[in-house]
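J.: with the sequence up front, the predicted model follows.
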Amino acid sequence: MDRAIVIVGLAALKEDYLMGKCRTNSVVIDEAIRLLKMNEKRQPIKLPALPTMTKEAWRWGCPKCEFDIGYNWKFCHECGQEMDWSFLGASS
Ligand SMILES: [Zn+2]
């Protein structure tokens, strides 16, 4: 399921809680939303080329920890951040 749909659902649940219709604590709901957002896919960043590479080149890096990642890696091997390569038009 799309994360965005889950987040919208949780927000509705929180409204229910605030109106006394739901027994799940709003703090729990907020935490669930925070965790979901934290685990969102993120686009890789471009790191500067190494001295051994041509000037115009770059390396792909993890947006969270700046670890060198390989093209089309699904996850950073260092911190586990999920990558979003969709901006390159590649299928994920
Ligand atoms: Zn990382």
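T.: Perfect, I can see it now. Numbers count the residues shown, from 1 in each chain.
J.: average model confidence for stretch 27-42?
T.: Stretch 27-42 carries an average pLDDT of 84.
J.: briefly note if that stretch comes near the ion.
T.: No. Counting by Cβ under 5 Å from the ion, the ion is not contacted by stretch 27-42; separation bottoms out at 9.3 Å. Where you see a C-beta, it was placed from the backbone N, CA and C, and this is true even at glycine.
J.: residue numbers of this protein in contact with the ion?
T.: Residues of the chain lying near the ion (Cβ under 5 Å from the ion): 62, 64-65, 67, 76, 78-79, 81.
J.: buried ones from these, can you make that a ChimeraX selection?
T.: A single ChimeraX command selects the buried members of those (16 or more other Cβ atoms under 10 Å):
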select :62,76,81
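J.: excluding its backbone neighbours, what's nearest residue 67?
T.: residue 78 (3.7 Å; Cβ to Cβ, 6 or more residues apart in numbering).
J.: thought the one you found was touching residue 63?
T.: No. In this structure, residue 78 is not within contact of residue 63 by Cβ atoms under 8 Å, at 11.9 Å.
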